[in-house]
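Participant: just need the structure, nothing else, for what follows:
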Amino acid sequence: MMLAVQNLEVRYGGITALRGVSIEVAEGETVLLVGANGAGKSSLINAVIGLAGASRGTVRFAGRDISALACDGRARAGMGYSPEGRRVFPTMSVADNVLSGACGRGSAAQREALDWLCGLFPMLRERASQPAGQLSGGQQQIVALARAMSSFPKLLLLDEPFLGLAPVWIARISEAIRHMQARGTTILMTEQMARPALKLATRGYVMRGGEIRRSGSVAEIRDVALAEEYL
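Facilitator: Got it, this is the predicted structure:
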């Protein structure tokens, strides 16, 4: 099992964001966390990558308990992360933004990653020297996704990759996710916009109020997931 989260609880002050959440993601799967805004999806992703501390429960990655491991250690272990809301480094160039995700991999591996990503997204080469903060929202999301992909992670965590994007950018990001799937990358993604996400996932979990309310194959959760999209 690539990722196993057991009985996870996350609190922010007096607010409980996650209550007894357990999920599993097998190697090579694409698993979707779907739910309305405030359902706990981002809190779960943040707990997996190490940005949110858990008051209870465990996170196991590739068979190893990483519950006490810092965020940078989880990245070195093979996790890639694209946060909600893009969050590029606005004054850094597009190329430097992308390569920051491959820090420590060596110059040859970084060149290989950048060449591959520029093949997927020609915009990265065309805008390589431009500050990322000058790009459109859709272009910034491509940069954030490419940054997460540049280390060729074992597990790719995508938090709301389609948030606020026009259909043309949703289609391009979906295609990039399919390329990572073809490489055998395991993917855990959150999304409130269930329709495009359901086309990419193999299984899913429906979240509400910090808890898992439904789980199953895409076919099994489709109706519930689409209902959550409008809550």
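Participant: who touches Lys41 in this structure?
Facilitator: By C-beta atoms under 8 Å, 6 or more residues apart in numbering, the contact set of Lys41 is 33-35, 159-160, 190-192, 207. All C-beta spots, glycine's among them, are computed from the backbone N, C-alpha and C.
Participant: can you do 10 Å?
Facilitator: Shown in contact with Lys41 (C-beta atoms under 10 Å, 6 or more residues apart in numbering): 18, 32-35, 84, 159-160, 189-192, 205, 207, 210.
Participant: pLDDT score assigned to it?
Facilitator: Note on Lys41: pLDDT of 93.
Participant: tell me the secondary structure for the residue lying closest to it once chain neighbours are set aside?
Facilitator: Spatially, and ignoring its direct neighbours in sequence, Lys41 is nearest to Thr190 (3.8 Å; C-beta to C-beta, 6 or more residues apart in numbering). The three-state label given to Thr190 by DSSP: H, G, I helix; E, B strand; the rest coil is strand.
Participant: quick check: Thr190 vs Ser82, distance?
Facilitator: From Thr190 over to Ser82 the distance is 10 Å, taken as C-beta to C-beta, to the nearest Å.
Participant: so what's in contact with those two at the same time?
Facilitator: 45, 157-161.
Participant: pretty sure Ala17 sits in a helix.
Facilitator: No. Read with three-state DSSP, Ala17 is strand and lies in no helix.
Participant: isn't it right next to Gly38, touching?
Facilitator: Yes. Shown here, Ala17 and Gly38 form a contact pair, counting by C-beta atoms under 10 Å, at 9.0 Å.
Participant: so those two - more neighbours on which side?
Facilitator: Ala17 (21 against 15; other C-beta atoms under 10 Å).
Participant: quick one: residues contacting the residue most central in space within the chain.
Facilitator: In the chain, the C-alpha nearest the mean C-alpha coordinate belongs to Leu158, at 1.3 Å (C-alpha atoms, centre = their mean). The neighbours of Leu158, taking C-beta under 10 Å, 6+ apart as the test, are 30, 32-33, 45, 80-84, 144-145, 148-149, 173, 177, 180, 187-191, 197, 200.
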